[in-house]
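>>> Fold the stuff below for me.
(2 chains)
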Amino acid sequence: MRISLPYSRKKRYLTGMDWIVAALDCISRRFTGGSNASQIVLELRGPFDDEKFKSALGDFVKMFPVLRGYPTRCWNLAPFWKIPRRGSQVPVKVEITSVTESGVHPALEESANTPFSEAREHLVFRIFHVGADRHFLAMRFDHFLFDAQGAEALLDIFHCWQQGEDCRARIDGISLTEPAHLSDWMKKFDYGRLLVRMLLELTKKPLAVLPRPTPLKGRKFQFSIIRFSEEEKRAIAVHAERDAGFMMLMPYLLGSAVTALNDVFKARGCSGEDEYVVSVSVDHRRPDVAQSKLFFNNISFLFFRIPVFLAGDRKQVLETLRTQMYDQIKSDFPTAISESSMVMRILPLKVLGWILLRPFKGEFASLGFSCVGKGGYRPEKFMEATVENLYHMPLVPLPPGLGFVVNQYGNKMNATLSFVDGLMSREEIMAVETRVRQLL
Amino acid sequence: MENMSVQEVEQKLVQEIAIILCSEPAAIKLDAPLPSLGLDSMGFVEILVFVEKTFGIRLIESGLTRDDFQTIHALASRICTGPRS
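Next up is the predicted model:
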């Protein structure tokens, strides 16, 4: 029987993926005390008026009371995001600091690690001035409310609106409705069966993981940003096509990341019998759709297995990644996760978090990987300043507490290595950076 | 498949790509490079899976070269040529 419930402006039903993202937040809080959040950084050159930004942002966010929402459950047990009524106060914190050039990275790390001050705060802006002409804008966001591309799209719309462009249609076109997904249960259970079968397949061999530092509580995340210039980005595209095949950039980047990290894992005692399992978040949206579906999570996952003994040979790694990607898409694995996770919404977050860690006996994967879609922030300017670069600093849920995020902005590409403090030494990080550059 | 012309294969590909890109079939040009349509690795593999399910050709194993996949027209011609040894 299909149950249709009327849409409400005060309610947005959460999908299974939203619930999984929230469960990952719950797990992170239990292990480190940190949350499942991320940060976008815009490197700006030119004039930047703090007061104008604060004032414009204050007016802009009033249109989105969803930013002050919170999760709760409906009478039908489906979880939903309670949206305050229109006209409600939507305070968004903006902090302004002056830093030296060498102090920028530590300040951005501190910003990414600073938790939200209250349960209904999901967005914070921090501006770091290095001089009159150089600034860094950090937008820290809650992954419950945005995925990476969605958060970029919010900045894109803000810039367009602030410039006085007519973007009413774009703002009105932002979709906040989602059905309760309380029908087609047999289909969801069938997908669940497929998911369980694939997860069991993933757990056949011992998982290669870096030993967790102790104690974990209170540990912060560190970030290493590997920047690629226009010329390097072009060369990467050529190498990707040569080594992995036409339009195989994502497997190429993933394969290179695994090969680059392989030495660190092996030095920490991972044997050739072990297997890397990489969770890759994939975006369901196409570039234009990202602008209208910018809130909540529009992602799913692919899981890749790479035997440790094979990981040093990138050619073979690329071959296996390409085949696994094909087979997973053919068997509809990303849909299996998003559909079957609808059933999991009945579970309280703590219980779901516990279940997510069961297949790997307390672990989740060797590392997380993501290629942020290109449909997020597109303008060359932000306010009056020129955007020189844009990158992400995510707190990768722990376990594994280690992730690799690649994004492209204009002619540039960035790879962010994110890891919980103590998981890798400074020397190991430098070695990985060098290896990544060599491989790409 | 045996009786399909290049044009018919092109039409099927356009319909599928429109679904993947959430756009109108009319907006998809046959001679536009696939990356310029907004496809990424995932979208491209979705097309390859569609080709296997619809035409019975597993192109992922045939070497992914730019010449064969550059445009929808090139891909349709490649499908009509059949698997290459």
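>>> any idea of the pLDDT on the residue nearest to residue A:289 when sequence neighbours are not counted?
In space, and not counting its chain neighbours, residue A:289 is closest to residue B:22: 5.2 Å by C-beta to C-beta, 6 or more residues apart in numbering or on different chains. From N, CA and C alone the C-beta is placed, and that goes for glycine too. Listed pLDDT for residue B:22 reads 79.
>>> Relative to residue A:152, how far out is residue B:22?
In this view, residue B:22 and residue A:152 are 18 Å apart by C-beta to C-beta, to the nearest Å.
>>> residue contacts, residue A:146?
Each residue near residue A:146 by C-beta atoms under 8 Å, 6 or more residues apart in numbering or on different chains is listed here: A:122, A:154, A:294-297.
>>> now, among the residues you listed, which is nearest to residue A:254?
Closest approach to residue A:254 among those (C-beta to C-beta): residue A:297, at 20.5 Å.
>>> Does the closest one touch residue A:17 like I think?
Yes - the pair residue A:297 / residue A:17 is scored as a contact, 4.7 Å apart, by C-beta atoms under 8 Å.
>>> Mind checking which of the two has more residues around it?
residue A:297 (26 against 22; other C-beta atoms under 10 Å in any protein chain shown).
>>> hmm, back to that, between the contacts of residue A:146, which is closest to residue A:55?
Nearest to residue A:55 among the contacts of residue A:146: residue A:154, at 17.7 Å, using C-beta to C-beta.
>>> Where does the residue lying closest to that closest one once chain neighbours are set aside sit: helix, strand or coil?
Of all residues not flanking residue A:154 in the chain, residue A:294 sits nearest, at 5.5 Å (C-beta to C-beta, 6+ apart). Here residue A:294 takes the coil state, with states given by DSSP: H, G, I helix; E, B strand; the rest coil.
>>> pLDDT score assigned to residue A:294?
The model's pLDDT for residue A:294 equals 87.
>>> Relative to chain B, how far out is it?
Separation of residue A:294 from chain B (C-beta to the nearest C-beta, to the nearest Å) stands at 15 Å.
>>> my read: that residue touches residue A:158, true?
No - assessed by C-beta under 8 Å, residue A:294 is found out of contact with residue A:158, at 10.9 Å.
>>> And the two? Which one has more around it.
Higher neighbour count among residue A:294 and residue A:158: residue A:294, with 27 against 21, using other C-beta under 10 Å.
>>> Could you pull up the residues touching that one?
Per C-beta under 8 Å, 6+ apart, neighbours of residue A:294: A:146, A:149-151, A:153-154, A:157, A:174.
>>> Near chain A, which residues of chain B? Just list them.
Contact residues (C-beta under 8 Å from any C-beta of the partner chain) of chain B with chain A: B:20-23, B:34-35, B:38-46, B:48-49, B:52-53, B:60, B:63-66, B:68-70.
>>> do that again at 10 Å, thanks
Neighbours of chain A within chain B, by C-beta under 10 Å from any C-beta of the partner chain: B:20-23, B:34-35, B:37-50, B:52-53, B:58-61, B:63-70.
>>> and residue A:194, what does it touch?
Shown in contact with residue A:194 (C-beta atoms under 10 Å, 6 or more residues apart in numbering or on different chains): A:331-333, A:335-337, A:339-340.
>>> Please flag which of those sit within helices.
Members of the contacts of residue A:194 lying in helices (criterion: DSSP state H): A:333, A:335-337, A:339-340.
>>> Would you mind checking these for buried ones?
Buried members of those, counted by 16 or more other C-beta atoms under 10 Å in any protein chain shown: A:333, A:335-337, A:339-340.
>>> Throw those into JSON lines and include distance to chain B and pLDDT, thanks.
JSON lines is the format used below for those (distance: C-beta to the nearest C-beta, whole Å; pLDDT from 0 to 100):
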{"residue": "A:333", "distance to chain B": "11", "pLDDT": "91"}
{"residue": "A:335", "distance to chain B": "11", "pLDDT": "91"}
{"residue": "A:336", "distance to chain B": "14", "pLDDT": "92"}
{"residue": "A:337", "distance to chain B": "14", "pLDDT": "92"}
{"residue": "A:339", "distance to chain B": "17", "pLDDT": "93"}
{"residue": "A:340", "distance to chain B": "20", "pLDDT": "93"}
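>>> low-scoring stretches of the stretch 101-250 of chain A, by residue?
Low-confidence segments of the stretch 101-250 of chain A, defined by pLDDT under 70, are absent.
>>> In it, what residue comes closest to chain B?
residue A:245 (3.2 Å; C-beta to the nearest C-beta).
>>> That residue: neighbour count?
22.
>>> Could you verify my assumption that it touches residue A:315?
No - with contact defined as C-beta atoms under 10 Å, residue A:245 does not reach residue A:315; the gap is 11.9 Å.
>>> And for residue A:183, the neighbour number?
Neighbourhood size, residue A:183 [other C-beta under 10 Å]: 14.
>>> ok, then the element right after the lowest-mean-pLDDT helix or strand in chain B?
Taking mean pLDDT, DSSP states H and E as the measure, helix B:66-69 is the helix or strand of chain B with the lowest mean score, a mean of 81. Under the assignment DSSP states H and E, the closest C-terminal helix or strand after helix B:66-69 is helix B:72-81.
>>> what residues does that following helix touch?
Outside helix B:72-81, the residues touching it (C-beta under 10 Å, 6+ apart) are B:1-2, B:4-14, B:16-17, B:28-34, B:37, B:47-48, B:51, B:54-57, B:59, B:62, B:65-71, B:84.
>>> Return the subset of those residues lying in helices.
Among these, DSSP H puts B:6-14, B:16-17, B:47-48, B:51, B:54-55, B:66-69 in helices.
>>> Now which of these would you call buried?
Among the ones in helices among the contacts of helix B:72-81, those buried by neighbour count (16+ other C-beta under 10 Å) are B:9-14, B:16-17, B:47-48, B:51, B:55, B:68-69.
>>> and those, which two are the farthest apart?
Spanning the widest gap among those are B:11 and B:68, at 19.0 Å by C-beta to C-beta.
>>> what sits against residue A:176?
By C-beta under 10 Å, 6+ apart, residue A:176 lies in contact with A:7, A:9, A:11-12, A:64-66, A:69, A:81, A:83, A:293-296.
>>> before we move on, back to that, of the ones in helices among the contacts of residue A:194, closest to residue A:285?
In terms of C-beta to C-beta, no member of the ones in helices among the contacts of residue A:194 lies closer to residue A:285 than residue A:335, at 14.3 Å.
>>> how about the helices of the stretch 151-300 of chain A, start to end?
For the stretch 151-300 of chain A, applying DSSP state H, counting those that start in this stretch gives helices covering A:168-172, A:185-202, A:230-243, A:249-267, A:287-290.
>>> taking the ones you listed together, which one is wrapped up most tightly?
helix A:249-267 (a mean of 23; mean count of other C-beta atoms under 10 Å in any protein chain shown).
>>> what's the angle from it to helix A:230-243?
90 degrees (axes from the mean of the first three to the mean of the last three C-alpha atoms, to 10 degrees).
>>> chain center to helix A:249-267: distance?
19 Å (C-alpha atoms, centre = their mean, to the nearest Å).
>>> do the same with stretch B:52-69
Per C-alpha atoms, centre = their mean, the centroid offset for stretch B:52-69 relative to its chain is 8 Å.
>>> Would you mind measuring the gap between the ends of that stretch?
End-to-end distance for stretch B:52-69, by C-alpha to C-alpha, to the nearest Å: 15 Å.
>>> what's that stretch in contact with?
Here stretch B:52-69 has contacts from A:241, A:244-248, A:322-323, A:325-327, A:330, B:1, B:4, B:9, B:12-13, B:16, B:33-35, B:44-45, B:47-49, B:51, B:74-85, using C-beta under 10 Å, 6+ apart.
>>> Which residue is the nearest non-sequential neighbour of residue A:265?
Distances taken as C-beta to C-beta, 6+ apart place residue A:208 nearest to residue A:265, at 5.4 Å, with adjacent residues excluded.
>>> hang on, the earlier thing: what residues are shared contacts of residue A:294 and residue A:158?
residue A:64.
>>> what about residue A:302, neighbour count?
Count around residue A:302 with other C-beta under 10 Å applied: 21.
>>> and the residue of chain B nearest chain A?
With C-beta to the nearest C-beta as the measure, residue B:64 is the residue of chain B nearest to chain A, at 3.2 Å.
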